[in-house]
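[1] fold the following and give me the result.
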Amino acid sequence: MQVDEPKLVLDAAGRVCRRRQPWVDPSRVGDGEEAAADAEGADAADPAVIPPCGITGGKVTRGGVEGLKQAYCVDWMNAVIPHSESARSRVVELLDRIFGPGEDLDYGFHTYKQVRRYETGAVIAWSEGRAEFLVSFNGDSCEFFDLERLRVFLRWLYDDCGGKLSRLDLAFDDYTRELLKLENVHAAADLGNFTGFKVHKSDREMTRRGELLSDAHTFGRKGKMGSGRQVIFYDKGLESDGEINAIRMESRFFKETAEVLGTCLASKRTVESFEAQIRSAIGGSIDFRDRQQKHRHISRMERLGWWSQVLDVLGESRIVCHKTAPPLQQSLEYLRETWAGNVALMYEIAESQGQDGDAIVRSFVSLMVDAGKRKVSDGWRPGARSLDLDFVELLDPGRRPRAQLAIGQRSG
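    So this is what the prediction gives:
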């Protein structure tokens, strides 16, 4: 039976739906009369509606593993989309129908000047003349997507909108508090028995009476100094005042790693494979091995027993980033992203005052170059001047990510 991939559309009632072209819902095949109805009407134009958003009764992005013992969810998601009035209008219409009408605010969001915010905390942010706009879903907003809606949304984002993810947070909750134990994580970190990160930090807060207020361990950093990933283990029961009594492992993916993982998730044609990829991405975001041995071959180091049990539940896949850009190019790319908004504002102010904005920006850059030459003239290493720069990549913010998805090999 031919099954074409659904596209995200809105029906007349404002519900997110999949339109058959033709479309037969695989989950309903074999369900007697419903399956027969699907087969009979496979070529019909009526949409196969995904259940209406809202009134979920809980975080529907949470998928259960082994009953109620463990669960996982999408806890944060940022996406950037090429900016045009029509593209932004489509996203505004979609989010207005999912979350209810948003509110246009008179202040910006991060480096964007204009923002539309929703009651759940979801945000659409943009600046006139900027090449892309931002769509941000916090944890409360992610509750409105079950895994099938999320799968279809990501396919729509990548294929129809030409967008990509810039951040994706995935969480794994152990309600038994036996599979994931923070004392195991703390002990492994203190001995250096982990791979994938260079830095880690323990965060435990207690009262004078010795009552534990928070208990967490963080691996990796955010931002420019990070590797594109960060993993945090913490007591969700303490953090949520007992609402979610679990030990949580939260894997955060940024920039290129988020983009590649989003591409992989958007390519999944069934919700089962989509779920499996989410689980394995969490499992592959860090590894715990016995590094007290004399040799330095990580693949030959024995995996810690408690972590092997976790991977029996999650599986393992990892994103490998190829850091081909030299440090100077990385710094220039960071400068471009960080100061773009301020330079654009300077240009607009100059134009509004009747001056030549281009000339003002060129003069400003020339002043930076002159000041830079004075600072580095004495301390610049001889070989630094010969560093190669890929100017095509430097001037093209839409470059391909230097990363790829790899299926981890189980061992230990």
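
[2] which ones are touching D290?
    Contacts for D290 (C-beta atoms under 8 Å, 6 or more residues apart in numbering) come out as N193, M301, E302, R303, L304. For the C-beta atoms, the positions are set from N, CA and C on the backbone; glycine is no exception.

[3] do L180 as well
    By C-beta under 8 Å, 6+ apart, the neighbours of L180 are F172, D174, F233, I247, R248, M249, V310.

[4] how about the secondary structure of it?
    Put simply, L180 is coil when judged by DSSP: H, G, I helix; E, B strand; the rest coil.

[5] next one: phi and psi at it?
    Per-residue torsions, L180: phi -100, psi 120 (degrees, to the nearest 10).

[6] can you check L95 too?
    Torsion angles, degrees, to the nearest 10, at L95: phi -70, psi -30.

[7] go on, the one 10 residues further on?
    With angles defined as degrees, to the nearest 10, L105 shows backbone torsions of phi -100, psi 160.

[8] any idea how far it is from V115?
    5 Å (C-beta to C-beta, to the nearest Å).

[9] name the element the spatially most central residue of the chain belongs to?
    Nearest residue to the geometric centre of the chain (C-alpha atoms, centre = their mean): L168, 1.5 Å. Take DSSP states H and E as the rule and L168 turns out to sit in strand 164-174.

[10] re earlier: could you check which of L105 and V115 is surrounded by more residues?
    Set side by side, L105 and V115 show more neighbours around V115, with 21 against 13, by other C-beta atoms under 10 Å.

[11] need the contact list for that one.
    For V115, the contacting residues are D104, L105, Y107, G108, F109, V123, I124, A125, W126, by C-beta under 8 Å, 6+ apart.

[12] between the residues you listed, which sits nearest S352?
    Distance to S352 across the contacts of V115 (C-beta to C-beta) is lowest for G108, with 17.9 Å.

[13] the closest one against W126, yeah?
    No: using C-beta atoms under 8 Å, G108 makes no contact with W126, being 9.6 Å away.

[14] where in the stretch 51-200 of the chain is pLDDT low?
    The stretch 51-200 of the chain contains residues with pLDDT under 70 at 51-68.

[15] give me the residues contacting the strand holding L168.
    For strand 164-174, the external contacting residues (C-beta under 8 Å, 6+ apart) are 62, 69-80, 134, 154, 157-158, 180, 236, 244, 246-255, 258-259, 261-263, 278-279, 281-282, 314.

[16] switch to 6 Å and redo it
    By C-beta atoms under 6 Å, 6 or more residues apart in numbering, the residues outside strand 164-174 that reach it are 70-73, 75-80, 180, 246-254, 258-259, 262, 278, 282.

[17] what do you get for stretch 220-239?
    Contacts for stretch 220-239 (C-beta under 6 Å, 6+ apart): 185, 197, 214-219, 244-246, 248-257, 285-286, 321, 334.

[18] looking at G108 and W126, which has the bigger crowd around it?
    Comparing G108 with W126 by other C-beta under 10 Å, the one with more neighbours is W126, at 23 against 14.

[19] ok, and the closest non-adjacent residue to the more buried one?
    Once flanking residues are discounted, W126 sits nearest to F133: 3.6 Å by C-beta to C-beta, 6 or more residues apart in numbering.

[20] show me the contacts for that neighbour.
    When contacts are counted by C-beta under 6 Å, 6+ apart, F133 is found next to I81, H83, R88, W126.

[21] how about 10 Å then?
    Taking C-beta atoms under 10 Å, 6 or more residues apart in numbering, we find F133 in contact with 79-84, 87-88, 91, 112, 114, 124-127, 163.

[22] cool, E103 as well?
    V115, R116, R117, Y118, E119.

[23] of these, buried ones?
    Listed as buried from those are V115, R116, R117, Y118; burial here means 16 or more other C-beta atoms under 10 Å.

[24] make a ChimeraX selection of the buried ones in the contacts of D290.
    The ChimeraX command for the buried members of the contacts of D290 (criterion: 16+ other C-beta under 10 Å) is given here:
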select :193,301,303,304
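
[25] need the contacts of D290 in CSV (columns: secondary structure and distance to G139).
    Formatted as CSV, the contacts of D290 follow (DSSP: H, G, I helix; E, B strand; the rest coil; distance: C-beta to C-beta, whole Å):
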residue, secondary structure, distance to G139
N193, coil, 31
M301, coil, 35
E302, coil, 36
R303, strand, 31
L304, coil, 30
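
[26] ok, the contacts of D290 vs F274, which is closest?
    Nearest to F274 among these is R303, at 26.5 Å by C-beta to C-beta.

[27] what pairs with that closest one across the strands?
    In this entry, R303 is beta-bridged to R289, by DSSP bridges.

[28] name every strand pairing with the biggest strand by length in the chain and say which way it goes.
    If you go by DSSP state E, the chain has its longest strand at strand 70-82. Strand pairing for strand 70-82, determined by DSSP bridges: strand 63-65 (antiparallel), strand 132-137 (antiparallel), strand 164-174 (antiparallel).

[29] among the ones you listed, which is nearest G357?
    strand 132-137 (21.2 Å).

[30] what do L105 and V115 both touch?
    V123, A125.

[31] can you give me the strands in the stretch 1-150 of the chain?
    With DSSP state E, counting those that start in this stretch, the ranges of strands along the stretch 1-150 of the chain come out as 8-10, 16-19, 47-49, 63-65, 70-82, 103-105, 114-117, 123-126, 132-137.

[32] identify each buried residue in the longest one, please.
    If I follow you right, that is strand 70-82. Of all the residues in strand 70-82, those buried under the rule 16+ other C-beta under 10 Å are Q70, A71, Y72, C73, V74, D75, W76, M77, N78, A79, V80, I81.

[33] from the chain's centroid, how far away is it?
    Centroid separation between strand 70-82 and its chain, computed with C-alpha atoms, centre = their mean, to the nearest Å, is 5 Å.

[34] may I have that strand exported as PDB, CA atoms only?
    C-alpha atoms of strand 70-82 as PDB (Å, rounded to 0.1, in the frame of the first residue of the first chain):
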ATOM      1  CA  GLN A  70      10.300   6.000  32.700                       C
ATOM      2  CA  ALA A  71       9.200   8.800  30.300                       C
ATOM      3  CA  TYR A  72      10.700  11.300  27.900                       C
ATOM      4  CA  CYS A  73       9.600  14.600  26.400                       C
ATOM      5  CA  VAL A  74      10.600  17.600  24.300                       C
ATOM      6  CA  ASP A  75      11.200  20.400  26.800                       C
ATOM      7  CA  TRP A  76      12.300  23.300  24.500                       C
ATOM      8  CA  MET A  77      12.500  24.000  20.800                       C
ATOM      9  CA  ASN A  78      13.800  27.000  18.800                       C
ATOM     10  CA  ALA A  79      13.600  27.200  15.100                       C
ATOM     11  CA  VAL A  80      14.800  29.900  12.500                       C
ATOM     12  CA  ILE A  81      12.900  30.400   9.200                       C
ATOM     13  CA  PRO A  82      13.900  32.500   6.200                       C
END
